[in-house]
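Asks: sequence and computational prediction follow.
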Amino acid sequence: MPRKAVLSGGKKDEIIQASTEMFFQNGFESTSVRMITDKVGGEIGMFYHYFKSKEDLFDQVVERFFQNFEAKCRQMIAGCCTPEEFVDAFLPLYQAAMDQYGRIEGGMHWSVSYAMHAKTIAALVPVLTDQLEKMDVPSPLPKELLANQLVYGASATIHSKTFDGMDEEAQRGYLKKFIQTILSQ
């Protein structure tokens, strides 16, 4: 007998929401399908009606996480008109994303952890590209290239031991100078 079409919304969304919280709290490996179904008041069969496996669910959790992350990024930097305003909006956003990401990391293989980090960085590029277009940043380089340089460079900077050892004001100043240097190319 063929499977019924899987509808979006309702219990499926409830499972995704509950599992997102559980993956962030417990990590992937320490969250079982049974724990998820218990939290939403469902049965194992219901879970498999919506998802092929825990890995399939995790993929959907990650997809939704990055959709929400991109929307939040766009909202937070929408009013930025200068590099200074961008740093003031970007740094707390990036730090919050890394903190949230760090909570989900528990129990993940390093390759999955690396892929999640790379996807977080990649999700910022189109957001920043659009913002650079909106700000009409003068540059002979394509805005997407500038966005890549800014996002990947800022990520490398933020994850350096030297940056980590700076106080918050020095970090902000350094990022502002970095952004101004890239934008003045």
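Replies: That came through fine. Numbering: from 1, shown residues only.

Asks: which stretches of this structure have low pLDDT?
Replies: By pLDDT under 70, the low-scoring segments of the chain are 1-9, 97-112, 185.

Asks: mind listing what's buried along the helix ranked longest in the chain?
Replies: Secondary structure of the chain per DSSP state H: the longest helix is helix 110-135. By neighbour count on 16 or more other Cβ atoms under 10 Å, the buried set for helix 110-135 is 113, 116-117, 120-121, 123-125, 127-132, 135. The way it works is simple: take the backbone N, C-alpha and C, and place the C-beta from them, glycine included.

Asks: for stretch 14-24, same thing?
Replies: 14-16, 18-20, 22-24.

Asks: cool, stretch 63-77 as well?
Replies: For stretch 63-77, by 16+ other Cβ under 10 Å, it's 65-66, 69, 73, 76-77.

Asks: gap between it and the chain center?
Replies: Offset of stretch 63-77 from its chain centre (Cα atoms, centre = their mean, to the nearest Å): 7 Å.

Asks: please save the CA atoms from it in PDB.
Replies: The C-alpha trace of stretch 63-77 is given here as PDB (Å, rounded to 0.1, in the frame of the first residue of the first chain):
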ATOM      1  CA  GLU A  63      17.200  23.600   6.800                       C
ATOM      2  CA  ARG A  64      14.600  25.400   9.000                       C
ATOM      3  CA  PHE A  65      17.400  26.700  11.300                       C
ATOM      4  CA  PHE A  66      19.100  28.300   8.400                       C
ATOM      5  CA  GLN A  67      15.900  29.700   6.900                       C
ATOM      6  CA  ASN A  68      15.200  31.300  10.300                       C
ATOM      7  CA  PHE A  69      18.900  32.400  10.600                       C
ATOM      8  CA  GLU A  70      18.900  34.100   7.200                       C
ATOM      9  CA  ALA A  71      15.600  35.900   8.000                       C
ATOM     10  CA  LYS A  72      17.000  37.100  11.400                       C
ATOM     11  CA  CYS A  73      20.200  38.300   9.700                       C
ATOM     12  CA  ARG A  74      18.300  40.200   7.100                       C
ATOM     13  CA  GLN A  75      16.200  41.800   9.800                       C
ATOM     14  CA  MET A  76      19.100  42.800  12.000                       C
ATOM     15  CA  ILE A  77      21.200  44.400   9.400                       C
END
